[in-house]
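# A structural model of the following input is requested.
(one chain, ligands or ions: 2)
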Amino acid sequence: MTCPLTFAIPKGRILDEALPLMARAGVVPEPGFHDKSNRALSFACENSDMRLIRVRAFDVATFVAHGAAQCGIVGSDVVEEFAYPDLYAPVDLDIGHCRLSVAEPVGPGEDPARVSHLRVASKYPNLTRRHFERMGIQAEVVKLNGAMELAPGLGLASRIVDLVSTGRTLKDNGLVETSTILQISARLIVNRAALKTDERVAALVDRFRALVAA
Ligand SMILES: Nc1ncnc2c1ncn2[C@@H]1O[C@H](COP(=O)(O)OP(=O)(O)OP(=O)(O)O)[C@@H](O)[C@H]1O
Ligand SMILES: O=P(O)(O)OC[C@H]1O[C@H](OP(=O)(O)OP(=O)(O)O)[C@H](O)[C@@H]1O
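Numbers count the residues shown, from 1 in each chain. Ligands and ions are numbered 1, 2, ... in the order given. Alright, predicted model coming up:
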């Protein structure tokens, strides 16, 4: 008997948009998946030899890059932050749209042309450093996992690099977006070795590709 394919999906906000798309690709979790009181993290799928694992967004990429899961769905922000060589993102699913931006407190800030060093709070240290390097600025990144918007007001950093969708969170916390680093959408990701060796992975990629092209 062959092992079921493992498909990693994030627990957070992409999930609601991803589930209907997954259903159209024939990936339907067992009913227990939707039970909020269920603490299980791994679920069988209806009518397919696949199991779904529900993990944090950043961990989807880690499971797939190491081959512990063969495929998954994750934001392109996570794909770009890690840049794992063994992770391939062949399909843009056209869901989970947002952007990664730099923001700072409303009001006159330092002129970026005049600074060589900045302290920036972010969940994305690699993308942040790379962005400021391109501007000739050395960014010292304070790694936070959420509520980045608090950092400038409390003196932890002068700027933040965070996800923006409606802009509401920035506005409600007295911040203004000053530049966009990356436009983001969710991707189907696969482990490169699994794609080469397991025809079920290639078939899954084809199904998702056909869905988004339709
Ligand atoms: N405001 C937003 N609008 C649209 N998409 C977003 C927004 N915030 C995040 N995303 C997308 O959803 C992904 C998951 O975000 P979210 O933080 O909700 O996930 P999560 O699984 O709860 O992560 P964690 O548990 O690590 O915080 C992000 O990587 C990004 O691609
Ligand atoms: O521009 P907006 O529409 O206001 O969305 C932006 C917010 O969404 C994300 O946070 P999320 O709600 O996922 O919570 P988090 O802080 O736990 O990551 C992001 O980190 C921002 O805080």
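# which residues touch the longest helix belonging to the chain?
Once the chain is assigned using DSSP state H, the helix that runs over the most residues is helix 199-213. For helix 199-213, contacts defined as C-beta atoms under 8 Å, 6 or more residues apart in numbering pick out 5, 21, 24-27, 49, 70-71, 90-94, 188, 190-191, 194-195. The way it works is simple: take the backbone N, C-alpha and C, and place the C-beta from them, glycine included.
# buried ones in that helix, by neighbour count?
Across helix 199-213, burial judged by 16 or more other C-beta atoms under 10 Å covers R200, V201, L204, V205, R207, F208, L211.
# which of the contacts of helix 199-213 fall in helices?
L21, R24, A194, L195.
# and which of those is nearest ligand 2?
Nearest to ligand 2 among those, counting by C-beta to the nearest ligand atom, is L21 at 19.5 Å.
# verify the stated contact: the closest one with I95.
Yes. Counting by C-beta atoms under 8 Å, I95 is a contact partner of L21 at 6.7 Å.
# picking up where we left off before, nearest to ligand 1, of the buried residues of helix 199-213?
Once C-beta to the nearest ligand atom is applied, the member of the buried residues of helix 199-213 that ends up nearest ligand 1 is F208, at 16.9 Å.
# how much space separates that closest one from ligand 2?
To ligand 2, F208 is 24 Å away according to C-beta to the nearest ligand atom, to the nearest Å.
# so what pairs up with the most centrally placed residue in the chain in the strands?
Nearest residue to the geometric centre of the chain (C-alpha atoms, centre = their mean): G75, 3.0 Å. According to DSSP bridges, the residues that bridge with G75 are A186.
# can you tell me which strand in this protein is longest?
Longest strand of the chain, by residue count under DSSP state E: strand 175-184.
# and it, what other elements does it pack with?
Helices and strands touching strand 175-184, by 3 or more C-beta pairs under 8 Å, 6 or more residues apart in numbering; DSSP states H and E, are helix 76-82, strand 98-105, helix 125-134, strand 159-164.
# please see if the helix or strand that the longest one is followed by touches ligand 2.
Using DSSP states H and E, the helix or strand that directly follows helix 125-134 along the chain is strand 138-143. No. On the criterion C-beta under 6 Å from any ligand atom, strand 138-143 is out of touch with ligand 2, staying 13.4 Å away.
# what sits up against strand 138-143?
Applying C-beta under 8 Å, 6+ apart, the contact partners of strand 138-143 are 116-123, 125, 128-129, 131-133, 151, 156-157.
# who's in contact with I160?
Residues counted as contacts of I160 (C-beta under 8 Å, 6+ apart) are V102, A103, E104, V120, A121, S122, M148, E149, A151, P152, L175.
# so the fourth one lies in a strand, does it not?
Yes. The assignment for V120 by DSSP: H, G, I helix; E, B strand; the rest coil puts it in a strand.
# so D92 makes contact with I184?
No. Assessed by C-beta under 8 Å, D92 is found out of contact with I184, at 10.4 Å.
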